[in-house]
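Student: Structure for the following, please:
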Amino acid sequence: MKEGLFPPPVEMTLDQCIKCNICTSVCPVSAVTDLFPGPKYAAPQAGRFRQPGQPNPDASVDYCDGCRVCNLACPTGVKIAEMNARARAVMVEQGAFNLVLRLRNNLLARPELLGKAARPIAPAANYLLNLPAARLLADKVFGVAREAPLPAFSSDTFTAWFKNHARRAPALPGRKVVYFHGCSTQYYERRIGVAAVQVLEHLGFEVIVPRQNCCGLPLLSNGEFAAARRYHRSNVANLVEFARAGIPIVGTSTSCTLTLKEEAPELLDMHDEDSALVAKSTYDFNEFLLLLHAEGLLNLELASVNLRLLYHIPCQYRAHRLGHLGSELLGLIPGLEIRESEVSCCGIAGTYGYKSEKYAISMAIGAPLFEKARQFGGPLVVCDSETCRWQITHGAHLPAIHPVELLAAAYGYPPLDALAEILKGATEPTAFS
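Tutor: Okay, the predicted model is just below:
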């Protein structure tokens, strides 16, 4: 299959728009600001006036946060968020962003580069980057919102832990899985990868962590398509041999898995056989475990976790179109009561909420979720997306964890960080042992 020939470009779906305005009625951005006129106007309507080599007819498209809520609501399948992302890429090509904003966007879009640079001096970097004077300077000079929730760099990477860890029991014959950890687990939240490996090994899998780089989603979101294409090609080259061998690729970052599955191939018109095979072989963590459960292969000897928790489904997770798998998986843990937030978006949208001109919009979008989390009264919030977790902690002042952390604790592994103190007295020995 030659790149770019099939499926057709996302812009061709604009003629499917029936002008019903359902997308605008559910858009979290246009609900809180007039700077974004809504999905119908920014994508299919303005899209009819976008011509190759011509200036973008409306720069308001940059205020689309890419949440894909519009796509899910559209009754005719118009690829609205993808149109907006590609329009932003044209704006980048045409120099619509000044040098400072382009530099800001590129730095925010390279968590892998930032993680590598900061890791050797992580404590000092975390201290300096959170000084009020440093945040003010970053805001005024580079446009990085001074209040936005910067994640803390880790001194130790996930892969360093993985190379030295010892598994509890040997793998079962024929059970192998590739783990795509993503930048967040590698440089900021090592505990997520630790929990994922613990669960997968507990289920009898040999976990393989091949060479990998950033999935490229932050670059796609900022219109930096050329760099995103290089990132995606590198990941495909590193993963395709495992896919050819029939080894599933599993990720705990729902944004990364969506990018490998769909977002990068579609936005970049990369429909070659290797990209398609990697996409077909990639699974979100919850998806993979529930497939095992459907085959009767999921170990259900789980300890009781006596907590009542709010679970927020991230936008990127809903874009997988898999249903409510996180709630379903967590529902297998005895004693655990999970309630979904039923809020469309937390507002952070990857790098969107870190930008000075968009921070207030981001917080206004997330306000209903923050309020619901506070009113719910749980000790923490559960969410699959790393940037959403950071935004929830920032806005609701509650710790936020990944579902895999609860699952690892229920399998008897000592919880890490925020979960450790909360689970004291909440976890009971398994009823199945």
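
Student: so is Pro57 in a helix, a strand, or just coil?
Tutor: Secondary structure, DSSP: H, G, I helix; E, B strand; the rest coil: Pro57 is coil.

Student: ok, it to Cys17 distance?
Tutor: Counting by Cβ to Cβ, to the nearest Å, the gap between Pro57 and Cys17 amounts to 16 Å. In short, each C-beta sits where N, CA and C put it, glycine included.

Student: Gln45 now?
Tutor: Taking Cβ to Cβ as the criterion, Gln45 is separated from Cys17 by 7 Å.

Student: Among those two, which residue is more densely surrounded?
Tutor: Using other Cβ atoms under 10 Å, the more surrounded residue of Gln45 and Cys17 is Cys17, with 20 against 17.

Student: For that one, give me the pLDDT.
Tutor: With respect to pLDDT, Cys17 scores 92.

Student: which residues touch the nearest residue to Thr387 once chain neighbours are set aside?
Tutor: With sequence-adjacent residues excluded and distances taken as Cβ to Cβ, 6 or more residues apart in numbering, Thr387 is closest to Ile348, at 4.8 Å. By Cβ atoms under 8 Å, 6 or more residues apart in numbering, the contact set of Ile348 is 149, 354, 362, 366, 387-388, 390-391.

Student: what's in contact with the longest helix seen in the chain?
Tutor: Looking across the chain with DSSP state H, the single longest helix is helix 225-244. The contact list for helix 225-244 (Cβ under 8 Å, 6+ apart) reads 89, 92, 106, 109, 178, 180, 208, 210-217, 219-220, 249, 259-260, 264-265, 267-268, 270, 274-275, 277-278, 280-281.

Student: Backbone dihedrals for the residue nearest to Thr387, please?
Tutor: Taking degrees, to the nearest 10, you get phi -70, psi -40 for the backbone angles of Ile348.

Student: Quick check: it vs His324, distance?
Tutor: From Ile348 to His324 the distance is 21 Å (Cβ to Cβ).

Student: Ok, Tyr41 next?
Tutor: Using Cβ to Cβ, we find Tyr41 at a distance of 31 Å from His324.

Student: neighbour count winner among these two?
Tutor: Tyr41 (18 against 15).

Student: residue contacts, that one?
Tutor: Tyr41 makes contacts with 24, 58, as judged by Cβ under 8 Å, 6+ apart.

Student: Let me see the confidence value for it.
Tutor: Looking at Tyr41, its pLDDT is 89.

Student: Residue ranges in this protein under the pLDDT threshold?
Tutor: Applying pLDDT under 70 to the chain picks out residues 1-8, 416-419, 424-433.

Student: Determine which residue lies closest to the centroid of it.
Tutor: By Cα atoms, centre = their mean, the chain has its centre lying nearest to Ser255, at 2.8 Å.

Student: quick one: contacts for that residue?
Tutor: Shown in contact with Ser255 (Cβ under 8 Å, 6+ apart): 182, 215, 217, 314, 316, 350, 385-387.

Student: which one among those gets closest to Ala81?
Tutor: Distance ranking of these against Ala81, using Cβ to Cβ, places Gln316 first at 10.7 Å.

Student: ok, now how distant is the closest one from His271?
Tutor: Distance of Gln316 to His271, given as Cβ to Cβ: 21 Å.

Student: And for Gln54?
Tutor: Separation of Gln54 from His271 (Cβ to Cβ) stands at 26 Å.
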